[in-house]
Structure formats: structure tokens, C-alpha cells
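J.: sharing a model prediction with you, sequence too.
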Amino acid sequence: MHISRIGSQLSVQIKRGIGMRACALLGLGAFLFACGTDNGDPMPSDGSAPSAPASSTPAGSSDTASSSPLGSGAGSATPEMGEVAPPGMGEATPGVGTEVVGVDGMLEGGGSTTPGTGDGTPEAPGGPEGETETPSAGCGTTRELMNGRRTIQSGGMNREYILRVPDDYDNTKPYRLVLAYHWLNGNAEQVANGGLGGSTEDPYFGLWDLAENSTIFVAPEGLPSFMGLGWDNPGGRDVALTDAILEEVQADLCIDTTRIFATGFSFGASMSHALACARADVFRGAALYAGAQLSGCDGGTTPIAYFHAHGVADSVLNFTQSGVPLRDRYVALNGCTPQNPPAPAANSGTHICTSYEGCSEGHPVRWCAHGGDHNPTEKDQGQSESWVPGEAWAFISQF
């Protein structure tokens, strides 16, 4: 993403009277430019960026976050004149395992029959029939961790997370566990509750309601850095936080350790990618909304189930420079059959989801391209509800 494009977008956003959104946009744009290659070049063409340096600000627990979180729902924007369209953009014929979804939400072409069609049907704790559970140490014990904000020690610092356990929690049933990471200058409260000026209208990116008491959720809190509150993960700091949260939660609550997932939007999606790289032996899968490589990738050689939704008109984390390279990384890692899946035109109010074929057993890749901007819960034209939570939940709940 060239800095001149960021400046142009900033000017447009200010003229539209949403300067706070523009400031957030500039914050991540400046970060991407500053964290280029060692010789000072802008971000590599594959869209990846090295981890940001450690914050110079003492990184303790904080409940304070910007009132203008990055990516709080960017308006759709047509790609600039002369900009190369994303691969497959506007193709009329779906690729293998592809579903073309129109503005009425109905399939318009031969769709994939693989799991992840967005029906949002929850499963009872314990996983699909025939799949083996691995109960955590907390199963059968008296629960001490209660819902709400908790403080935990990690890396010699006080860190925080918000826990939400189903009201009808049963300590004899191993539950699925989802860790949901906030965006740049967002916070755990916005993820856990939805709204509050944040990027998601519903709790945990819409997954809480779809889970229907089948899943335990955690929203970790990021730390300040030179560009804002988030997940720059210097030296694996935020991976270590995740390890500490998992240790505490699994020791106290009944978790199925084979069904732990990471999800997040923007910077939070980047953190989910970092966990998919570093902890593929712990996490069953990762679900990203508008992701990029901003939080590092330590390891990254073990297959893991992967879902990613990204807008072709994303003005913050470019579709072709950020989203597509991550997708293709997991396609190769999981041994899937490569293809160039179609994508809708910018501002078309539609989305196209593709389930890759030939992937190694238990490591599916589900890719959803939509016509919108930088948004975790994109809606199709004329629809009042986003299709993204249903897609993400169907992907997660197949395990």
C-alpha cells in the first residue's frame, strides 16, 4: 500500500466528515509504510510486514482505548483509477468448490457441498458425532472463573481478558473455546459486548448468538504500542498472553482441547494468523476478517484449518497485497489444490465463498471475497444482517 494512496484516502475521508475514522486509517497506513523492508522500502509486494518494535510506553493493563477504532466499518470505495483488479474479480464462472451469493442471499451457481455454507447451525458441546473429545483439567471441578474482566500475569505484566461462559454451563461437558481479538485501537469490551462504537454490532463478531450456549468465549485485551492499542506481538509477547489465558481457562473450566479457535478483525485477524503459525498444535483453526501479517509468524509449518473473509475494495489492508497472500499460504500449507477463485466487483453488494478441494484431512480452507471495504461483518445489498458470522460459525462448528 503506497503512502500517497493513504494520504489520498485520508483527504477523502476528512472531506466526508469522518475525520476520526481517517485518523485510524492513517495510523495503520503509516505503520505499514514504516515497517517495510530493512532497506527502508515500503511493505513487500506480498503484503506481509514484520512485527512492530516493542512499545516504548510501559505496557500495563488498560481499559482505555481510542473512541475511533480502526476499521469501525469503512464505507465501500471503488478502487482508484489504474489500480489492478484482484485476481478473478468480476469472473462470471465459479471455480471449484465455489458458491456465488447474490444480493438475496441465494446461491446463483453450482455451490460447494463442503461444510461452511453459512447456515449457522450450532452443535452441542462435544463436537460432531464420532470425533474424539479431549477434556481439560477443569472438567468435573468446581468453577472459580466467573464471567467478566479478569487480570492475569504474563511476561511480568498485568494483562486482561474478558470471559463469557454459557449460563447453563455443565462442568461435565467439554466445550469449544473461541478467543476473539480486537482491531487496532479497539478493546476487549467492544468485542465481548458488540456495539460501543466498535467494528462489530454483536458480541464476539456475531458468534456468541450463533453458538447458542455451546461455546466458551474469551476476548483478550491488547497493549499500547507506537501506533495504538493492539497486537504488534514483539518477541511473541501476545502469543505468551494467549498461552497464559489458555492455561488458566483450561485448568478451571471444562474445555475440549481439540476444539480451540482464534478469530479477529484487522489487527486482531493478524494476531489470529500469528497464533495459527505459532500454535497450530494448540488451535484447531483460525477465522480471519480482513487479515494481514502484522503480528509476525513464528513457525508456520504445521497445517491448520483456515477461514478468511476479505473485501476487494479494502482501503486499509489491500485485498491483493494482504488478504490473498495469507490465503495462498494456507492453501499451500494445507496441501489444497491451488486455484484462482472468483471475486465480486467492488461495491457490488455480493460475496463469493470458495471451499478449496484436496486439502489434507481436517485442514480445510474457506475463502470469502466480498465487494466491500475494511469491515468484519459485511452485509449484502438490501440485507439487514451480515452473512459473515454465519459463514465463520459454520466453519468453526464443523469441528
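T.: Everything's here; your move. What you see is a predicted model; the values in this text were computed from it and never measured. Residues are numbered from 1 along each chain as shown.
J.: what ranges does this protein have for its helices?
T.: For the chain, the helices defined by DSSP state H occupy 3-15, 19-34, 188-193, 207-211, 237-252, 267-278, 324-333, 388-397.
J.: got the angle for the fifth one vs helix 267-278?
T.: In this structure, helix 237-252 runs at an angle of 80 degrees to helix 267-278, with axes from the mean of the first three to the mean of the last three C-alpha atoms, to 10 degrees as the basis.
J.: and the helices of the chain, which one is worst for confidence?
T.: Per-segment mean pLDDT for those reaches its minimum on helix 3-15, at a mean of 35.
J.: domains in the protein, by residue range?
T.: Following automatic domain parsing, the chain resolves into domains at 3-34, 98-397.
J.: reformat those domains as JSON lines; add mean neighbour count.
T.: For every residue, glycine as well, the C-beta is placed using N, CA and C. Shown next, in JSON lines, are the domains of the chain (neighbours: other C-beta atoms under 10 Å):
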{"stretch": "domain 3-34", "mean neighbour count": "17"}
{"stretch": "domain 98-397", "mean neighbour count": "21"}
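J.: could you tell me the least trusted of those?
T.: Among the domains of the chain, domain 3-34 scores lowest, at a mean of 38.
J.: identify the residues contacting D209.
T.: With contact taken as C-beta atoms under 8 Å, 6 or more residues apart in numbering, D209 is in contact with 202-203, 389.
J.: which strand residues bridge the closest residue to L179 other than its chain neighbours?
T.: Of all residues not flanking L179 in the chain, V218 sits nearest, at 4.8 Å (C-beta to C-beta, 6 or more residues apart in numbering). For V218, the beta-bridge partners under DSSP bridges are L163, L179.
J.: so who does V218 touch?
T.: Under the criterion of C-beta under 8 Å, 6+ apart, the neighbours of V218 are 161-164, 177-180, 245, 249.
J.: same check on V165?
T.: Contacts of V165 (C-beta under 8 Å, 6+ apart): 143, 145, 147, 216, 253.
J.: ok, for L317, nearest residue in space, not its chain neighbours?
T.: Excluding the flanking residues, the one nearest L317 by C-beta to C-beta, 6+ apart is A292, at 4.5 Å.
J.: go ahead and confirm the one you found touches S270.
T.: Yes - under the criterion of C-beta atoms under 8 Å, A292 makes contact with S270 at 5.5 Å.
J.: ok, so of the contacts of D209, who is nearest H310?
T.: P389 (15.5 Å; C-beta to C-beta).
J.: next, G198: phi, psi?
T.: Main-chain dihedrals, G198, degrees, to the nearest 10: phi -90, psi -170.
J.: let me redo that: N233
T.: Main-chain torsions, N233, degrees, to the nearest 10: phi 60, psi 50.
J.: now do it against Y181, distance only.
T.: 11 Å (C-beta to C-beta, to the nearest Å).
J.: same question, T172
T.: Counting by C-beta to C-beta - T172 and Y181 are separated by 30 Å.
J.: try E247
T.: 18 Å.
J.: what of D170?
T.: Using C-beta to C-beta, D170 is found at 27 Å from Y181.
J.: same question, C368
T.: C368 is 19 Å from Y181, where distance means C-beta to C-beta.
J.: then D328?
T.: D328 is 22 Å from Y181, by C-beta to C-beta.
J.: what does T301 give?
T.: Using C-beta to C-beta, T301 is found at 22 Å from Y181.
J.: please apply the same query to Y289.
T.: Y289 is 10 Å from Y181, by C-beta to C-beta.
J.: what touches both of those two?
T.: In contact with both Y289 and Y181: 263-265, 269, using C-beta under 8 Å, 6+ apart.
J.: in strands only, show me those.
T.: The strands, defined by DSSP state E, take in 263-265 from the shared contacts of Y289 and Y181.
J.: circling back to that earlier point, which phi and psi does the residue nearest to L317 have?
T.: Note on A292: backbone dihedrals following degrees, to the nearest 10 are phi -160, psi 170.
J.: check contacts around the spatially closest residue to G358 that is not a sequence neighbour.
T.: Of all residues beyond its chain neighbours, the one nearest G358 is T337 (3.7 Å), with distances taken as C-beta to C-beta, 6+ apart. Residues near T337 by C-beta under 8 Å, 6+ apart: 96, 356-359.
J.: quick one: contacts for the spatially closest residue to P389 that is not a sequence neighbour?
T.: Nearest residue to P389, sequence neighbours excluded (C-beta to C-beta, 6+ apart): G206, at 2.9 Å. Contacts for G206 (C-beta under 8 Å, 6+ apart) come out as 194, 200, 377, 386, 388-390, 392-393.
J.: V191 versus G206, what's the distance?
T.: G206 is 11 Å from V191, where distance means C-beta to C-beta.
J.: and if you look at A392?
T.: Separation of A392 from V191 (C-beta to C-beta) stands at 14 Å.
J.: which residues are in contact with each of those two?
T.: Common contact partners of A392 and V191 (C-beta under 8 Å, 6+ apart): F205.
J.: okay, the residue nearest to L179 and V249: tell me how far apart.
T.: For V218, the distance to V249 equals 7 Å [C-beta to C-beta].
J.: do the same with A192
T.: Per C-beta to C-beta, A192 is found 15 Å from V249.
J.: same deal with A369?
T.: Distance of A369 to V249, computed by C-beta to C-beta: 34 Å.
J.: then V324?
T.: From V324 to V249 the distance is 34 Å (C-beta to C-beta).
J.: W208 too?
T.: W208 sits 16 Å away from V249, taking C-beta to C-beta as the criterion.
J.: and E160, by the same measure?
T.: E160 is 14 Å from V249, by C-beta to C-beta.
J.: one more: L317?
T.: Counting by C-beta to C-beta, the separation of L317 from V249 is 30 Å.
J.: how about Q293?
T.: In terms of C-beta to C-beta, Q293 sits 27 Å off from V249.
J.: next: D380.
T.: D380 sits 35 Å away from V249, going by C-beta to C-beta.
J.: what do you get for D243?
T.: For D243, the distance to V249 (C-beta to C-beta) stands at 11 Å.
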